[in-house]
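Colleague: Would you be able to build a 3D model of this:
(one chain, ligands or ions: 1)
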Amino acid sequence: MNLALEHTTNQSGQVQDQPVLEIHGRASLRGEVKISGAKNSALAIMAATLLCPEYCRLRNIPNLVDIDRMAQILQSLGVKLARSGDLLDLNTSNLAQLKAPYEIVSQLRASFFVTGPLLARLGLAKIPLPGGCAIGARPVDLHIKGLQALGAEVYIEHGVVSAAVKGRGGKLTGAKVYLDYPSVGATETIMMAATTAVGETRVENAAREPEIVDLANFCRSMGAKIRGDGTNTIIIDGVNSLHSTDYPIIPDRIEAGTFLVAGAITQSEITLDGVVPEHLTAVIAKLEEIGSRIIIEDTRRLRILPGQVLATNIETLPYPGFPTDIQAQFMALLSIAQGNSAITETVFENRMGHGAELNRMGADIRNKSNYALVRGVPRLCGAPVMSTDLRASAALVLAGLAAEGTTIVQGLHHLDRGYENIEGKLRQLGANIERVTFH
Ligand code: EPZ
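Modeller: Presented below is the predicted three-dimensional model:
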């Protein structure tokens, strides 16, 4: 196959080919897949360990590029980390500095999560402003508004957010914060900073995602006093200090949703092990609406029995609405549905780049700003495609599994941020997929 491969040049100017995923479609899948720990829980909880001046152990931590980058950020602040399998030990007793390095922050927006805990712990924080990414501008104004409400002085200069606690004692002060939008990150920043503030903090219009509840559970396991997490009003009573903990994080509902779609798009029966079914209510409802059957085998296992793939309409919303992080995967599935589907992306302003790449595989998708009309086609055909962002890359892998012929997915640096060994897990289910580098 004569491919126009993505090339980069290394220091000596040699052209270096990037690895790609080569997928031979139409294989049916069967068997069981173990779902890894939740990336978006792990990133916030790793930052929250800065709140505790002692040692913490985290379990079920996935092996992902984003996790490695967060570990680098914490190391740059003086945290000692030790990784063993899905265990991560962190010792934050000697924080060396309060400034995270731009070159890592620019690659991992979630680095901004360290701002709240550094302010709570040291009364000071200097964090480069995380830039936007492929899916949107990703501002942090709601994070900053929350920290200011808790008594921090925050200013932005030369692309760096500098925050300091005003007044004596360097302690934040509990306050009432209303979020203009139920931002996951802003809710997490405020909740973490408020754990050791003086007095009560109320977060109104808070995000309700399972990762918020997981972070609250983690903070409670260190002695924090938090209630209402999972609802739109969270109340935090500040405590003097927090202590060590050993905490297992929740499974990744987005990885789980991605594998459910893999079952539906290849018309295969597969079982997911180590999931929390109630975290997937919207996704399960939609899959059943379009013809699949989902069996909740017990508290931690789900089985999908494929059926027809009927058209439907999707509107992404904050939890418990349909998750924006599963929108791309569903667009791939609906591209081979019987009938026409409408997809509206309401959370991010530019999260439809995968439509054009799916069309290169024979899909019939008309996309205008954050709205897409997906006319179902009988079959996709394999092609070389380019990932535009993390979940778009997953959507292209799913499309390749269903397509006639060979698909080459390029841009794996996106995929590897959020999926642990996805090709190994799919191969174990029977997919014909391999990571190759063409020389
Ligand atoms: C988290 O991002 C997740 N990332 C995202 O997952 C997920 O898509 C998103 O929540 C929504 O569920 C992590 O947890 C690391 P938001 P976050 O703040 O916190 C606007 C993935 O694929 N906004 O809820 O950045 C923002 O622009 C990633 O795993 C402000 O305007 O999401 C967006 O339009 C992608 N000002 C909307 O809110 C702010 O200060 C939702 O963003 C903050 C956010």
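
Colleague: for the ligand, what are the nearby residues on the stretch 51-200 of the chain?
Modeller: Within the stretch 51-200 of the chain, the residues that sit near the ligand (CB under 6 Å from any ligand atom) are 110, 136, 138-143, 181, 183-186. The way it works is simple: take the backbone N, C-alpha and C, and place the C-beta from them, glycine included.

Colleague: how about these in TSV, adding pLDDT and neighbour count?
Modeller: Formatted as TSV, these follow (pLDDT from 0 to 100; neighbours: other CB atoms under 10 Å):
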residue	pLDDT	neighbour count
110	93	22
136	89	15
138	87	14
139	90	13
140	94	21
141	96	11
142	97	21
143	97	27
181	98	12
183	98	22
184	98	20
185	98	22
186	98	26
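
Colleague: out of these, which are inside helices?
Modeller: 141-143, 184-186 (DSSP state H).

Colleague: Greatest separation within the residues you listed: which pair is it?
Modeller: Farthest apart among these by CB to CB are 141 and 184. That separation is 14.5 Å.

Colleague: The stretch 201-350 of the chain against the ligand: which residues are in contact?
Modeller: 207, 324-325, 347-348.

Colleague: which among these gets closest to residue 131?
Modeller: Nearest to residue 131 among these, counting by CB to CB, is residue 348 at 14.7 Å.

Colleague: before we move on, what SS does that closest one have?
Modeller: coil (DSSP: H, G, I helix; E, B strand; the rest coil).

Colleague: Not counting its own residues, what contacts stretch 424-431?
Modeller: 23, 27-31, 33-34, 259, 262, 266, 268, 270, 397, 401, 423, 433-434 (CB atoms under 8 Å, 6 or more residues apart in numbering).

Colleague: Mark which of these are part of helices, please.
Modeller: 259, 262, 397, 401, 423.

Colleague: hang on, isn't the fourth one packed against residue 268?
Modeller: So the one you mean is residue 401. No. At 9.0 Å, residue 401 does not count as touching residue 268 under the criterion of CB atoms under 8 Å.

Colleague: Find residues that contact each of the two.
Modeller: Counting by CB under 8 Å, 6+ apart, the contacts common to residue 401 and residue 268 are 29, 262.

Colleague: Neighbour count: the two, which is higher?
Modeller: residue 401 (27 against 20; other CB atoms under 10 Å).

Colleague: Would you mind measuring from the more buried one to residue 44?
Modeller: According to CB to CB, to the nearest Å, residue 401 stands 31 Å off from residue 44.

Colleague: Same question for residue 342.
Modeller: Distance of residue 342 to residue 44, computed by CB to CB: 33 Å.

Colleague: Flag the shaky bits of the chain, pLDDT-wise.
Modeller: 1-16, 168, 439 (pLDDT under 70).

Colleague: Once you drop chain neighbours, what's closest to the most centrally placed residue in it?
Modeller: Central residue of the chain (CA atoms, centre = their mean): residue 40, 4.4 Å from the mean position. Among residues not flanking residue 40 along the chain, residue 211 sits closest, at 4.8 Å (CB to CB, 6 or more residues apart in numbering).
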